[in-house]
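1. Here is the input, now give the coordinates:
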Amino acid sequence: MWLYVLVILASLVDTLQGKVKGKFATLKGSSKPVSIFLGIPFAKAPVGPRRFAPPEPVEPWKDVKDTTSFPPMCSQITEKGPTLSEVFSNKFPSSFHKHSEDCLYLNIYTPANPKTCSLPAQVMVWIHGGGLVSGGASNFDGLALATHENVVVVTIQYRLGIWGFLSTGDEHSPGNWGHLDQVAALHWIQDNIAKFGGDPNNVTIFGESAGGESVSVLVLSPLAKNLFHGAISESGVALSPCMFRRNTSNPHPLAWVAAASGCPTHSSASMVQCLRQKSEKDLLETTKKMVGASVPGGPHPRYPFLTTVIDGMVLPKDPEAILAEKNFNTVPYILGVNKHEFGWFIPKAMGYPLSEKTLDQKMATKLLLKSFPLNLSEKQSIDAIAEYLGDTEDPTKKKDQFMDLMGDVMFCVPTVLTARGHRDAGAPTYMYEFQYRPSFVSEMRPKSVEGDHGDDVYSVFGMPFLKGGASQEEAKLSRMVMKFWGNFARHGNPNGKGLPHWPEYSQKEEYLKIGPQTKAAMGLKHREVVFWTTLKSTKDRSVGTPLAREES
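-> Just a heads-up that it's a prediction; the model follows:
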């Protein structure tokens, strides 16, 4: 049961491109109406010659544009969509099955009628996750966050998969089209958000998983300079191996695209021309074929990874180099991970065996070696398995420790390294680990998994206040998280009256454990970071003492 009531009134705003008509909604228990605008275009439809090209400014319109219904998601395989939709959806789940190449839209939730606002509100721009291949802006309802924190919430869309991240490594299709869409949305927000009661001089970008990675990319990108003033990366950064690829990666994802599409590979120009001529349906079929496609010398992927690359525009060089040079957008930054990032949702989606009966040491080593985005050698895979699994013969512990290993290498270690780089550049930095199991999760998920990938989003968007059935503890936790995020958007510091103290991430590496017993701690994943940085910096490493699993 959804806990808000729509009011049959129209809210009219005159943007630089033309007038838009929205609607009002009120969260149950609140007397503050929120103006909602759904499906505002911020760029031209990226179709025809604009496929695999930077976004172009949207054309002005003369009539009042009705922005009271959800826009289609960007092109993607929707068979995998309902899982995410059911998890994070608001009350229009049928909209999530619609997709189109014409998808560069954003939704706005503003906490009052802009005509009656006395002071502009802080703006929080959400970038959705989904592995850069799925998801949409409308999976996330900004009503509770806008109501409770008096902020303008904007959720944006960007091209995904082949459409958003095809890169030939040269001028014919440099890639990162989805990130360029994100930059275009931020430009539109700078130009128009004041008309919706928002402050263009106080914009915080935040996102989870691929959205968190996108936030991290924008922090590092010269193209995004001065377009935002704070950033929050939840479970994803630019150093995450599954979402960033160096051009030397082998096998190159273009090989999968070519094999699945039937397009020629003798030149990148001919390949891009061929792909531009295909219909959306053709490219969806290509995407389906890429899931499980086989390339000589490569493993069998279970997911069509097309990632962020060094394109010379969004990213002028490797993220590690940009961090080391300290030449990026040094805005206040919150970074965090969940306690069990690889606990259930991701391994289930990617086809990893979740049973301790099948996950022995030999199978674990094989799985790690075949995890193609990680690019680990056989020696590195053997060493990593020995480090994590070598201290136990218990099948259940082996499975749990393999899941910890995957969560560390995919999310936790890259996040700590990114936080250190941001801190060392002199920017205010805060770090957290989320440790809570929401009541809304699937009953299929093991009870031992607390803080699975995506669990934090329930609290950030106030799911207990949008949907019935939450416990008092869960509602209290969500309210606390929203206050942290809202304070950060207002002041660049999450701390505030009545909240547990969140120390800044210093050389002591203080961070906040967020859960029923929220408290500060030090040295998140310190030993794991040492292990992985050492392992990846040496081709031949002797196996040390197995990592002791942290219980917290």
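2. what sits against the residue minimising distance to the centre of the chain?
-> In the chain, the C-alpha closest to the average C-alpha coordinate belongs to Gly211, at a distance of 2.1 Å (CA atoms, centre = their mean). Gly211 sits next to 126-130, 234, 236 when contact means CB atoms under 8 Å, 6 or more residues apart in numbering. No exception for glycine: its C-beta is placed from N, CA and C like everyone else's.
3. Okay, it and Glu378: tell me how far apart.
-> 33 Å (CB to CB, to the nearest Å).
4. One more: Asn338?
-> With CB to CB as the criterion, Asn338 and Glu378 are 30 Å apart.
5. out of the two, which sits in the busier spot?
-> Asn338 (28 against 11; other CB atoms under 10 Å).
6. give the contact list for the nearest residue to Pro174 once chain neighbours are set aside.
-> Setting aside the residues directly before and after it, Pro174 is nearest to Asp311 in space (CB to CB, 6 or more residues apart in numbering), at 4.0 Å. Contacts for Asp311 (CB under 8 Å, 6+ apart) come out as 167, 174-176.
7. And the contacts of Gly211, which is closest to Val152?
-> Trp126 (11.2 Å; CB to CB).
8. backbone phi and psi for the closest residue to the closest one other than its chain neighbours, please?
-> Counting by CB to CB, 6+ apart, Thr155 is the residue found nearest to Trp126 once chain neighbours are left out, at 4.5 Å. Here is the backbone geometry of Thr155 (degrees, to the nearest 10): phi -110, psi 130.
9. what's the pLDDT at Thr155?
-> According to the predicted model, the pLDDT of Thr155 comes to 99.
10. Wait, it touches Gly129, no?
-> No. Counting by CB atoms under 8 Å, no contact exists between Thr155 and Gly129, whose distance comes to 11.9 Å.
11. hang on, the earlier thing: can you report phi and psi for the residue nearest to the centre of the chain?
-> Backbone torsions for Gly211, taken as degrees, to the nearest 10, come to phi -70, psi -40.
12. show me what contacts His187?
-> Leu227.
13. what are the ranges of the helices in the stretch 1-150 of the chain?
-> Under the criterion DSSP state H, counting those that start in this stretch, the stretch 1-150 of the chain carries helices at the ranges 81-88, 143-149.
14. Confidence-wise, which helix or strand of this structure is lowest on average?
-> Between all helices and strands in the chain, the lowest mean by mean pLDDT, DSSP states H and E belongs to helix 81-88, at a mean of 42.
15. Not counting its neighbours along the chain, what's nearest Ala425?
-> Distances taken as CB to CB, 6+ apart place Lys326 nearest to Ala425, at 4.0 Å, with adjacent residues excluded.
16. Please read the previous query as pertaining to Pro332.
-> Nearest residue to Pro332 in three dimensions, chain neighbours excluded: Gly492, at 3.6 Å (CB to CB, 6+ apart).
17. Then Thr308?
-> Skipping the residues right next to it in sequence, Thr308 comes nearest to Phe244 by CB to CB, 6+ apart, at 4.8 Å.
18. how much space is there between the residue nearest to Pro174 and Val237?
-> When distance is defined by CB to CB, Asp311 is 18 Å away from Val237.
19. With Val125 instead?
-> Separation of Val125 from Val237 (CB to CB): 17 Å.
20. Please apply the same query to Tyr436.
-> According to CB to CB, Tyr436 stands 21 Å off from Val237.
21. Look at these two and report which has more neighbours.
-> For Tyr436 versus Val237, the count of surrounding residues by other CB under 10 Å is larger for Val237: 30 against 22.
22. In this structure the more buried one contacts Thr418, no?
-> Yes. Taking contact to mean CB under 8 Å, the distance of 4.2 Å between Val237 and Thr418 places them in contact.
23. list residues touching both of those two?
-> With contacts taken as CB under 8 Å, 6+ apart, the residues that reach both Val237 and Thr418 are 216, 335.
24. Count the residues that sit near the residue nearest to Trp126.
-> Applying the criterion other CB under 10 Å, we find 26 residues in the vicinity of Thr155.
25. ok now do it, which residues does it touch?
-> Residues near Thr155 by CB under 8 Å, 6+ apart: 106-107, 125-126, 128, 137-138, 140, 142.
26. quick one, what contacts Phe465?
-> Taking CB under 8 Å, 6+ apart as the definition of contact, the neighbours of Phe465 are 3, 27-29, 144, 147-148, 475, 478.
27. In a strand, it, correct?
-> No. Under DSSP: H, G, I helix; E, B strand; the rest coil, Phe465 sits outside any strand and is assigned helix.
28. pLDDT score for it?
-> Confidence per residue is given as pLDDT, and for Phe465 that number is 94.
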